[in-house]
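Student: Using only what follows, build the 3D model:
(one chain, ligands or ions: 1)
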Amino acid sequence: MGELQLPTMSSLLAIYASLSAIIMILRTILHDMMPEAIQEFITRRTSDLVSTYFSRDFTFLIQDHWEAVDNETFRAVQAYLPTKVGPRARFLLLGHNDNNNLLAKAQPGVSVLTKIVDHFQGMKLEWTLNERENKNVYFSYKTQCYQLRCKRSDKQRVTESYIPHICQTAEKILNRREVLNIYTYNRHECYWESTVFKHSATFDTLAMEPEQKQGIIRDLDLFVQRKDYFRSVGKAWKRGYLLWGPPGTGKSTLVAAIANYLRFHIYDLQLQGIRNDFELRRVLTATTNRSILLIEDVDCNSESTKPRSKDEKMIDKNHPDYKKRKANEGVTLSGLLNFIDGLWSSCGDERIIIFTTNHKEKLDPALLRPGRMDVHIYMGHCTVAGFKFLAAKYLGIQDHALFQKIEYLIQRIPATPAEVAQQLMKADDPEVALDELVEFMIAKAIENKKGEGDGSKNKSFWSLLKNFKNKNKTT
Ligand SMILES: Nc1ncnc2c1ncn2[C@@H]1O[C@H](COP(=O)(O)OP(=O)(O)OP(=O)(O)O)[C@@H](O)[C@H]1O
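Tutor: So this is what the prediction gives:
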């Protein structure tokens, strides 16, 4: 039996030195030769494996998008978390997007990488917001993700109790709607851009026949109260309005009045900015509940809303360019109708869709069929009641010596509420403002007469008008 030879100190040191040198060389080779992405991947995987086996924590990730649309859970967390910023927090994001009011109340928000600790039913929950820069062929964009860390043993309670609690709290916060937003779709960055909606129009400032106005208010009230009714009859909780009439008769003003009355946000959609039906679906599913989808001037907006031509059937679908064209063909009528009353219409609750047009006759009949747009509202020229309403609003008067003259003119010369309002705003003195209106109406009648060629049809009307004009000059 040979004697066990223990290595000497110097040989141990030599082995250690050569091992260190080999590791150093290997590390340098790996570092220099292996692409950074692979190195990162290996490091991440190793730390993931270590944390999976040894950590007692669990992490939930809540990204801003879910299956290509906005993630509602993310939105709920976004509303909820600022309420949980504790007294010891070192950062709080503050701001508002009301570009008309510097003094508007700043809203709290959670900044990227700030850690927020929440406690719920004995659980400790740690939140952080992370941001990542992404790039595609055309542009770069940011995505955000909330990270929620809890104990592994609390995982089930978080999904079953804590997340529903967040959603309920967020719903209450969001439903307060202290501020209304108007959204426009940014097609380059594929998201709805918002700005504060501050329009002073209400049903009290809108000149309209009183019965028509009351009818609309009743319809809106009924709509918001009928959640269960819509469910029981198997219909989507939606209401469609078509507002039509000449320019300046108050269609946009009525939309603003409806938004203010219901406290609904407005999504203002330009159909011609949408590439195809697929994009339309994506854009519309990214809108929130309790909102108005507004498609203004729908007759000019897209080919889809115009009556279909007979040649359409003759398109060669086998042509090589057909698919390419299809991808950018714009919104089709069936795509739009599908959203109004097809299967897609059941996405979302408490939605109002409003189309406005100056030319109802130019719309495809399919869009006007009963049941498609629930209510058709004609916004017409100014009536006597409309004029009296505007005089009371703009000049604060119920009656005046010039009223009779103006009523006579209003009944015979078509003028829009926008035109009447513009004249009434010209002076604070009712006498001067009403005189301006008489002048304007006479000038309009003369203009119309020129257009018609022969105005001698109604001689007594013209002699009365001459009389009005002369009297107006002497006063
Ligand atoms: N019925 C109305 N009551 C009160 N004000 C009105 C009414 N109609 C128009 N106005 C006034 O005229 C302006 C223009 O009206 P508005 O933009 O609502 O008309 P519109 O019908 O939407 O026009 P367009 O078809 O060109 O979009 C408004 O800012 C408002 O002050």
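Student: need the residues of the protein near the ligand, please.
Tutor: Contact residues, the chain versus the ligand (C-beta under 6 Å from any ligand atom): 206-208, 247-253, 358, 379, 417-418, 421. In short, each C-beta sits where N, CA and C put it, glycine included.
Student: Give me the three-state assignment for Gln398.
Tutor: Following DSSP: H, G, I helix; E, B strand; the rest coil, the label given to Gln398 is coil.
Student: Quick check on it: phi, psi?
Tutor: phi -100, psi -20 (degrees, to the nearest 10).
Student: Surely it is in contact with Phe389?
Tutor: No: Gln398 is beyond contact range of Phe389, at 10.5 Å (criterion: C-beta atoms under 8 Å).
Student: So for these two, which sits in the more crowded spot?
Tutor: Set Gln398 next to Phe389 and count neighbours by other C-beta atoms under 10 Å: Phe389 wins out with 22 against 9.
Student: Buried residues in the helix or strand that contains Cys167, which are they?
Tutor: Taking DSSP states H and E as the criterion, Cys167 maps to helix 163-176. Buried residues in helix 163-176, counted by 16 or more other C-beta atoms under 10 Å: 163, 166-167, 170, 174.
Student: So which of the residues you listed is the closest to the ligand?
Tutor: Distance to the ligand across the buried residues of helix 163-176 (C-beta to the nearest ligand atom) is lowest for Leu174, with 28.1 Å.
Student: Would you double-check that Cys145 falls in a helix?
Tutor: No: secondary structure of Cys145 (three-state DSSP): strand, not part of a helix.
Student: so how far is Glu72 from the closest residue to it other than its chain neighbours?
Tutor: In this structure, Cys145 finds its nearest non-sequential neighbour in Gln63, 4.6 Å apart by C-beta to C-beta, 6 or more residues apart in numbering. The gap separating Gln63 from Glu72 is 12 Å, by C-beta to C-beta, to the nearest Å.
Student: How about His376?
Tutor: As judged by C-beta to C-beta, His376 and Glu72 stand 33 Å apart.
Student: Leu129 reaches Gly109, doesn't it?
Tutor: No: using C-beta under 8 Å, Leu129 makes no contact with Gly109, being 9.3 Å away.
Student: Which one of these two is surrounded by more residues?
Tutor: Per other C-beta under 10 Å, whichever of Leu129 and Gly109 has more neighbours is Leu129, with 23 against 16.
Student: what helix or strand is that one on?
Tutor: strand 123-135.
Student: report the angle between the axes of that strand and helix 163-176?
Tutor: Here strand 123-135 runs at 70 degrees with respect to helix 163-176, directions being taken by axes from the mean of the first three to the mean of the last three C-alpha atoms, to 10 degrees.
Student: which neighbours does strand 123-135 have in its sheet, and in what orientation?
Tutor: Strand pairing for strand 123-135, determined by DSSP bridges: strand 115-120 (antiparallel), strand 140-151 (antiparallel).
Student: Same list as before, the ones you listed that is, but in CSV and with mean pLDDT and distance to Ile216 included.
Tutor: Converted to CSV, the strands paired with strand 123-135 look like this (pLDDT from 0 to 100; distance: least, C-beta to C-beta, whole Å):
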stretch, mean pLDDT, distance to Ile216
strand 115-120, 90, 44
strand 140-151, 88, 40
